[in-house]
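Peer 1: With the sequence up front, the predicted model follows.
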Amino acid sequence: MESILIVDDDTSIRMVLREELEEVGYTAMAVDSADAALNFIDNDNPIDLILLDLKMPNKDGFYFLEELNRRKKSIKVIVLTGYADIASAIKSAKLGAADFITKPYDLDELIVSIRKVLHM
Ligand SMILES: [Mg+2]
């Protein structure tokens with residue numbers, strides 16, 4: 001079973017998305033900050049994919065992507081953001097994000113993206 005880590009400061013997103021992903025058969029976990037996500041990865045928790053919010057207090061999603069790149073782990077990232085501007089999409093792609101989805105997300109669209117990215 002594939003494992004997905006949700007990184008989002010929004011409590012309701014973490015709760016709802018985790019349930020939705022579990023319902024379609026993924027193992028889903030959630031953390032509320034970039035630092036918590038990096039801790040999770042540094043503790044060698046097995047993760048196949050990260051759903052990453054961009055706007056978070058203190059350290060944002062771009063910081064997380066830079067740190068993830070430094071660690072050279074082969075974890076795929078889909079950015080999931082309410083602030084969808086072209087500059088953010090381009091910066092995310094440059095930092096290695098495999099896809100960029102806007103909130104409020106359409107669940108079917110998100111699942112299609114997750115399947116595609118996991119099998120890239
Ligand atoms: Mg946020």
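Peer 2: Sure, I can see it. Numbering: from 1, shown residues only.
Peer 1: Show me which residues of this protein sit near the ion.
Peer 2: Residues of the chain lying close to the ion (C-beta under 5 Å from the ion) are 9, 53, 55-56. Any C-beta I mention is one placed from the backbone N, CA and C, and that applies to glycine too.
Peer 1: which residues touch the spatially most central residue of the chain?
Peer 2: Against the mean C-alpha coordinate of the chain, by C-alpha atoms, centre = their mean, the closest residue is L51 at 1.6 Å. For L51, the contacting residues are 4-8, 17, 77-78, 80, 114, by C-beta atoms under 8 Å, 6 or more residues apart in numbering.
Peer 1: just checking, next helix/strand downstream of the helix or strand harbouring it?
Peer 2: Here L51 sits within strand 49-52, counting by DSSP states H and E. The element immediately downstream of strand 49-52 (helix or strand, assigned by DSSP H and E) is helix 61-71.
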